[in-house]
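Enquirer: Sequence first, then the predicted structure, then my questions.
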Amino acid sequence: MDFIRDALACPLNPVLDESGWRPAAVLLLICGRVPHVIMTEKPQHMRVHAGEISFPGGRPESVDADLCETALRETREEIGHSADRRSIVGQLGAVHTMNSRFAILPFVAVQEIIPPMRANAEVEAILRIPLKPLLETLAADTRRGKGMFTLQYMDKTIWGASARMLEQVSSRLAGRRADMH
């Protein structure tokens, strides 16, 4: 896990100042001796992003000191995992959603142990996805346009903002020579 931690480590700047975009934050939780990424499947009945595979997260609330706190709070609410700021190793570049006009700041947490989790009403299923096989499915999404990607996990397609976040993870790990098994 040290190579993942090292590849994704960077100073935190948990603020977004992008006019015209609604701020949001997510947590990419990578955990386990064999690295897994924790993702959620949204319920079909949701008004926005129904059925999509995504990371726990959402919009800031007044109780959040910054967007890192937003990602941690939303993770607690959605999957019942109380990650703390010490587990955050860095963040990725902001990703924008075209349909809902969000600018999403992804934070990355790395933990040795896969924590117990429980889904709330905003989550249909919690997915524990082996990281290396998932990243090996990364492909350009020519149907959706330039700079778009897809990944496959079993019968599920990960696309949009989540896929662009995972592409950033893949790019950072590509420069590292390490075995993720």
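Expert: Looks like it came in fine.
Enquirer: burial of residue 69, as a residue count?
Expert: Burial of residue 69 is recorded as 17 neighbouring residues (other CB atoms under 10 Å). Placement of C-beta: from N, CA and C, glycine included.
Enquirer: buried stuff in the host helix or strand of it?
Expert: When elements are assigned from DSSP states H and E, residue 69 belongs to helix 67-79. Within helix 67-79, the residues that qualify as buried are 67, 68, 69, 70, 71, 72, 73, 74, 75, 77, 78, 79, counting by 16 or more other CB atoms under 10 Å.
Enquirer: could you dump those residues to JSON lines with distance to residue 151 and pLDDT?
Expert: Written out in JSON lines, the entries for the buried residues of helix 67-79 read as follows (distance: CB to CB, whole Å; pLDDT from 0 to 100):
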{"residue": "67", "distance to residue 151": "24", "pLDDT": "97"}
{"residue": "68", "distance to residue 151": "25", "pLDDT": "97"}
{"residue": "69", "distance to residue 151": "28", "pLDDT": "97"}
{"residue": "70", "distance to residue 151": "25", "pLDDT": "98"}
{"residue": "71", "distance to residue 151": "21", "pLDDT": "98"}
{"residue": "72", "distance to residue 151": "25", "pLDDT": "97"}
{"residue": "73", "distance to residue 151": "26", "pLDDT": "97"}
{"residue": "74", "distance to residue 151": "22", "pLDDT": "97"}
{"residue": "75", "distance to residue 151": "21", "pLDDT": "97"}
{"residue": "77", "distance to residue 151": "25", "pLDDT": "97"}
{"residue": "78", "distance to residue 151": "20", "pLDDT": "97"}
{"residue": "79", "distance to residue 151": "20", "pLDDT": "97"}
